[in-house]
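> Quick one: sequence and predicted model below, then my questions.
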Amino acid sequence: MHETGIATEIINIINDTMRNRPAVEVRQVRVMIGELTAVLPESLNFAYRALTENTALQNSRLVITIIPVQAQCRTCYKPFAVQEFTFVCPFCGQSDIDLISGNELYIKEIEVD
Ligand SMILES: [Zn+2]
């Protein structure tokens, strides 16, 4: 399950970031995830909870925002939302497109007390 690996990475980043501030408690971690990463938010939350149990992060929670897939056509240059993984321009029907978003996976914000 690749969510466990991602949760582990997120926890490592939080721990690195908080290393010099041991007295501060992490409340909430905002994570941005592109639709194309195929990460399931429930699975990621579950993995995060399991991995932070009985650690300094056990009272923190993940807030996951899914970023939709956006693309731009290379023929007519119009931007559009990719629906159901159909990588075809809805304006001119070309499949020669550039992805603008959808592959993201990063921590946007760590909220502390
Ligand atoms: Zn087009």
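On my side now, so go ahead. Source: prediction; values computed, not measured.
> mind listing the strands for this protein?
In the chain, the strands defined using DSSP state E lie at 26-34, 61-67, 70-73, 79-81, 97-101, 105-112.
> from the middle of its chain, how far away would the fourth one be?
Okay, so that is strand 79-81. Offset of strand 79-81 from its chain centre (Cα atoms, centre = their mean, to the nearest Å): 20 Å.
> and it, which residues are buried?
Under the neighbour-count criterion of 16 or more other Cβ atoms under 10 Å, strand 79-81 has residue 80 buried. Just so you know, the C-beta spots here come from the backbone N, C-alpha and C atoms, and that holds for glycine as well.
> List the pairing partners of that strand within its sheet, with orientation.
Applying DSSP bridges, strand 79-81 is found paired with strand 70-73 (antiparallel).
> for the chain, what's the longest helix?
Secondary structure assigned by DSSP state H gives helix 2-18 as the longest helix of the chain.
> Once you drop chain neighbours, what's closest to the residue positioned nearest the centre of the chain?
Nearest to the mean C-alpha position of the chain, by Cα atoms, centre = their mean, lies residue 33 at 2.0 Å. Spatial nearest neighbour of residue 33, excluding adjacent residues (Cβ to Cβ, 6 or more residues apart in numbering): residue 39 at 5.1 Å.
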